[in-house]
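Engineer: Next comes the sequence, and after it the predicted model I'd like to discuss.
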Amino acid sequence: MHRFFVPQLFGDEMTITGVDAKHISKVLRMTIGDELQIVSDDGISALGKISFIDAECVKVRDFEIIAESHEPRVKITLAQGLAKGEKMEFIIQKAVELGATSVVPVAMEHSVVRLDGPKADKKVERWQKIAESAAKQSKRDIIPEVQSVMSVKEMLAANDCATKIIAYECEDQTSLKSALKNAIEQDKIDDLLLIIGPEGGISESELELARSAGAVPVSLGRRILRAETAGLVAMSAIFYETGDLGEY
Ligand code: SAH
């Protein structure tokens, strides 16, 4: 079943325009009476029938609401230190697939890549598109937001989640598992900020900034994971611990 995000509040009739309308009419060659799934701006997923179609506009009616949500209980914001080249694209695609609610590209001290001004805006635009297609493919109910490129300080100020975790390669006391156990016990697991360093790692001053904003430094085990692996591993473990991988 094809699924489209329609930027409108849910109503009796939903109108799909732009590239999606073109795709439905010209590529999928759908016609009046054909069924498709929509997800509205207020997060409602519904199955409907096409009532009008041309190259610019597709109207959908006769909705049956699909109650089941595809969203995880824990809303994870992945703050990822800027990584090189196509790695960020890979990280964003996979993070959205796994269930991240938001991704923040963070300009860190040891990031090799420097991004600012219009170049950064362009990249974010591209990453947002990647997030959108990953959201469609993995049947998310929302399109996770790719926030603008920020410094560690800005990122911490903009994402004041109930639980903040920083994966720190030199940490050897606190494990991700024990930090999660604490958060679950304190009922602070609904929204979680997960900070991952770039290839060059996290600097001590960045660690201190995060710590003073309430982030808990955790270890992801005895092996050093690459920047593009660490966030995905941590997210998988968080979803596993919170019963979101294959438990219904
Ligand atoms: N260049 C660094 C490694 C950076 S790995 C070094 O050689 O030490 C990139 C990021 O992944 C790290 O900053 C950290 O956030 C995360 N990471 C990788 N392995 C980790 C581990 N075993 N424990 C905690 N965090 C880890």
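Structural biologist: Yep, it's here.
Engineer: Distance from the chain centre to stretch 151-162, please.
Structural biologist: Distance of stretch 151-162 from the chain centroid (Cα atoms, centre = their mean, to the nearest Å) equals 16 Å.
Engineer: can you tell me the average pLDDT over it?
Structural biologist: The average pLDDT for stretch 151-162 rounds to 97.
Engineer: can you list contacts of that stretch?
Structural biologist: 75, 77, 79, 102, 104, 106-108, 147, 150, 164, 183, 188-193, 195, 206, 209-210, 213, 215 (Cβ atoms under 8 Å, 6 or more residues apart in numbering). Using the backbone N, CA and C atoms, a C-beta is placed for each residue, glycine as well.
Engineer: In strands, which of those fall?
Structural biologist: Of the positions in these, 75, 77, 79, 102, 104, 106, 164, 191-193, 195 sit in strands, assigned by DSSP state E.
Engineer: Out of these, the closest to the ligand would be?
Structural biologist: Among the ones in strands among the contacts of stretch 151-162, I195 lies closest to the ligand (Cβ to the nearest ligand atom), at 6.9 Å.
Engineer: Which member of the ones in strands among the contacts of stretch 151-162 is positioned nearest W127?
Structural biologist: Among the ones in strands among the contacts of stretch 151-162, V104 lies closest to W127 (Cβ to Cβ), at 10.6 Å.
Engineer: thought that closest one was touching G81?
Structural biologist: No. Using Cβ atoms under 8 Å as the test, V104 is too far from G81 to be in contact (10.0 Å).
Engineer: Which one of those two is surrounded by more residues?
Structural biologist: The neighbour count for V104 versus G81, taken as other Cβ atoms under 10 Å, is higher for G81 (28 against 21).
Engineer: Torsion angles phi and psi at the more buried one?
Structural biologist: Note on G81: its backbone torsions stand at phi -60, psi 130 [degrees, to the nearest 10].
Engineer: Over to K59?
Structural biologist: phi -100, psi 140.
Engineer: In contact with the closest residue to it other than its chain neighbours, which residues?
Structural biologist: Nearest residue to K59, sequence neighbours excluded (Cβ to Cβ, 6 or more residues apart in numbering): F52, at 4.0 Å. Taking Cβ under 8 Å, 6+ apart, we find F52 in contact with 32, 58-59.
Engineer: Most neighbours among those residues, which one is it?
Structural biologist: The residue in the contacts of F52 with the most neighbours, by other Cβ under 10 Å, is V58 (27 neighbours).
Engineer: Beta-bridge partners for that residue, please?
Structural biologist: Counting by DSSP bridges, V58 is bridged to I16, I53.
Engineer: separation between E208 and G246?
Structural biologist: 38 Å (Cβ to Cβ, to the nearest Å).
Engineer: and the two? which has more neighbours close in?
Structural biologist: Each of E208 and G246 has its neighbours counted (other Cβ under 10 Å); E208 has more, 11 against 7.
Engineer: Now the longest helix anywhere in the chain: average pLDDT?
Structural biologist: Longest helix in the chain, counting residues (DSSP state H): helix 117-137. Average pLDDT, helix 117-137: 95.
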